[in-house]
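> missing the sequence, but the structure's below:
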């Protein structure tokens, strides 16, 4: 049965990883359709690519009513990665498309990168390195991360892993999450506070939330004005959580000391005025793309689609 299934792999990282493709084929999926061009598909390109597929391994592709209505053969979607804001689950249910997704498989990759951002921003590693490339010798060593106040918004898999990594630094950690986790907070010496308190008291704020109506443009001009002028903000979650026009405004006016972002409203980003700001670190959405995370996310996606077809056989 499986050897007749056409499975489309839209995600670029998975498609480029021959070990994952070989593993998928070793599970019996002989008809694997890869994203050979290594490009982010438009909606029409996505529909065309998946037209003859019964199964799909997708990354950040938008799966909505319009897409599903034109893919009558599609029966199962296995998510590569952990973000789910690109999938309309109600539409999937209406079109009888099963969706499987992993949890926490890339948390260490993202949390390590976030910690790296914190250290680079605090110690001026990024800015002084760029200055030196331009023959400017600037010995401003910044501040230590140790014993600073860190605000963590979103205490899920990544947030918790970051908190573990921060323990040797002796930081005061303020947390905010929509889920009550008082026992965990108590065990780890965390302070559960309002977002407003995090905005005003933190030396570094890091965001680890999904993108939804409650988090869209969570950080805007009003919030940046509440933050300390010496504070930094880091976003490795989803681009829409920070209003990037307002971030540009805040950085140019020195309302905050600096920022680091790995995610954008549209990717690749087109606002190079923002990207060129000296005290903004910007990376091309690689938080979850360590070699180890790529493998783990790929194997989880393979396992989920295999489990789906195993259940069909059992039934």
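Yep, that arrived. What you see is a predicted model; the values in this text were computed from it and never measured.
> drop to CA atoms for contacts and neighbour counts, all remaining ones
Fine.
> just the helices in the chain please.
Taking DSSP state H, the helices of the chain run over residues 12-16, 18-26, 43-49, 65-68, 89-94, 107-122, 125-133, 157-166, 182-187, 195-201, 221-226, 244-252, 272-275, 291-314.
> relative to residue 37, which of those is closest?
helix 12-16 (8.5 Å; C-alpha to C-alpha).
> what about that closest one, distance to the chain center?
Centre-to-centre, helix 12-16 and its host chain are 17 Å apart (C-alpha atoms, centre = their mean, to the nearest Å).
> so what secondary structure elements neighbour it?
Applying 3 or more C-alpha pairs under 8 Å, 6 or more residues apart in numbering; DSSP states H and E, we find helix 12-16 packed against helix 18-26, helix 291-314.
> tilt between the first one and helix 291-314?
Counting by axes from the mean of the first three to the mean of the last three C-alpha atoms, to 10 degrees, helix 18-26 points 10 degrees away from the direction of helix 291-314.
> buried residues in helix 18-26, which are they?
Of the residues in helix 18-26, 20-21, 24-25 count as buried by neighbour count, 16 or more other C-alpha atoms under 10 Å.
> out of those, which one sits closest to residue 185?
residue 20 (37.7 Å).
> surely residue 260 meets residue 117?
Yes: the criterion here is C-alpha atoms under 8 Å, and residue 260 meets it with residue 117 at 6.4 Å.
> shared neighbours, these two?
234, 281 (C-alpha atoms under 8 Å, 6 or more residues apart in numbering).
> which of the two has more neighbours?
residue 117 (26 against 21; other C-alpha atoms under 10 Å).
> can you pull the contacts of that one?
234, 260, 281.
> including distance to residue 197, could the residues you listed go into JSON lines?
Below are the contacts of residue 117 laid out as JSON lines (distance: C-alpha to C-alpha, whole Å):
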{"residue": "234", "distance to residue 197": "17"}
{"residue": "260", "distance to residue 197": "21"}
{"residue": "281", "distance to residue 197": "25"}
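> export those residues as JSON lines, with columns for pLDDT.
As requested, the contacts of residue 117 are exported to JSON lines (pLDDT from 0 to 100):
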{"residue": "234", "pLDDT": "98"}
{"residue": "260", "pLDDT": "98"}
{"residue": "281", "pLDDT": "98"}
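> test my guess that residue 157 contacts residue 107.
Yes: at 6.1 Å, residue 157 and residue 107 qualify as touching, with contact defined as C-alpha under 8 Å.
> neighbour-wise, which of the two wins?
A direct count of neighbours by other C-alpha under 10 Å for residue 157 and residue 107 places residue 107 higher, at 21 against 17.
> show me the contacts for the residue lying closest to residue 65 once chain neighbours are set aside.
Leaving aside its sequence neighbours, residue 65 sits nearest to residue 91 (C-alpha to C-alpha, 6 or more residues apart in numbering; 5.5 Å). Neighbour list for residue 91: 64-65, 68 [criterion: C-alpha under 8 Å, 6+ apart].
> out of the residues you listed, who's nearest residue 9?
Set against residue 9, the nearest of the contacts of residue 91 by C-alpha to C-alpha is residue 68 (16.0 Å).
> what does stretch 96-110 contact?
Stretch 96-110 has contacts (C-alpha under 8 Å, 6+ apart) with 74-82, 89, 92, 157-158, 161-162, 236, 287-290, 292-294, 296-297, 300-301, 304-305.
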